[in-house]
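> Return atomic coordinates for the entry below.
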Amino acid sequence: MALGSVLNCAADGTNSSPPSGSETVLAAGDIAQCRRSEYAETGAEATARLIERFPGTVLALGDLAYPNGGQREFRDCYDPTWGRFKERTRPTPGNHDHNSPNAAPYYAYWGDQAGVAGQGFYSFELGAWHVVALNSSLVEGPLKSKQEQWLAADLEQHPSRCALAFMHHPRFSSGGHGSDTRLDALFRILYAHGVDVILGGHDHDYERFARLDPDGRRDEQRGIRQFVVGTGGAGLTPFLWIRAYSQTRINGVHGVLRMTLSSSSYRWEFLSAAGSKVLDAGESNCH
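As a prediction, this is how the structure comes out:
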């Protein structure tokens, strides 16, 4: 299997059953906006209908309930859509979730599924993969250092051939918010411990990068492949500054990233909510 090779997939996202022993992940961020008319389906409703078609673990990549991550927004907008998959979801908070003081409604909604209240970082095993959830809003103060120390210790304690991290803000992005240098320390820890994939949102588009080192240089041997999947339902936004080694960019489309995690490799498909079409696909070995 070649690194980063392109797959030939059926147009409706049903190219094949997952290999035996593999795990499926369904991921997107920037999800539920409390806006709808009597006749218009919201983006979150459309992506929720897509997720209903597939089994697997759902990764909710932050900014789950707009505009302020409030109790009413989780109850009335997130819960009727992506809340249908709450039992199989692993969340991470975004900046809009933090618009409510201490992201209290977010932690109240998720309970133990979100890690320690006020911190929001945790890890778990998914088949052969070690998966780390990070709170990319912790960019200053003692919790920033605490998360970084925890991450290094967690990865030391859970060595794995294949590992994935997810958080809301992307380290590298061609979208309107751009690359977030505040995440440099986290990226360097993930890189040093051989993590294969990072998933994020924040920019309301889909973007896939080549394997990169912490300085944004291509590194096919040890680099991390990053996906931006801010297409869960919120209003979509354009690309503004094209980053080096950005391999695929799709905007104007709500959708979900479906990944198949095997013991030493992974496959990905970006599926559009409209028609479940495969708009990007490929596969790669772990380090």
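> In three-state terms, label Arg267 for me.
strand (DSSP: H, G, I helix; E, B strand; the rest coil).
> what's the average pLDDT for the helix or strand hosting Gln226?
Gln226 is located in strand 225-229, with elements delineated by DSSP states H and E. Mean pLDDT, strand 225-229: 98.
> Show residues contacting that strand.
Applying CB atoms under 8 Å, 6 or more residues apart in numbering, the contact partners of strand 225-229 are 4, 27-29, 61, 170-173, 175, 196-203, 205-212, 255-257, 268, 270, 284. C-betas here are computed from N, CA, C, even on glycine.
> Buried among the residues you listed? Need that as a selection in ChimeraX.
To isolate the buried ones among the contacts of strand 225-229 in ChimeraX, judged by 16 or more other CB atoms under 10 Å, type:
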select :27,28,29,61,170,171,172,173,175,196,197,198,199,200,201,202,203,205,206,207,208,209,210,211,212,255,256,257,268,270,284
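> which helices and strands sit right next to the helix or strand bottoming out on mean pLDDT in the chain?
Using mean pLDDT, DSSP states H and E, the weakest-scoring helix or strand in the chain turns out to be strand 32-33, at a mean of 93. For strand 32-33, the elements it packs on are helix 43-51, strand 65-66, judged by 3 or more CB pairs under 8 Å, 6 or more residues apart in numbering; DSSP states H and E.
> what's the following helix or strand after the last one?
Once strand 65-66 ends, the next helix or strand along the chain (criterion: DSSP H and E) is helix 71-73.
> what's the next secondary structure element after that next one?
Next along from helix 71-73, by DSSP H and E: strand 89-91.
> That following strand: partners in the sheet, and parallel or antiparallel?
strand 57-60 (parallel) (DSSP bridges).
> ok, how many other residues are close to Ala153?
Here the number of neighbours of Ala153 (other CB atoms under 10 Å) works out to 10.
> Gly115 now?
Neighbours of Gly115 under the rule other CB under 10 Å: 20.
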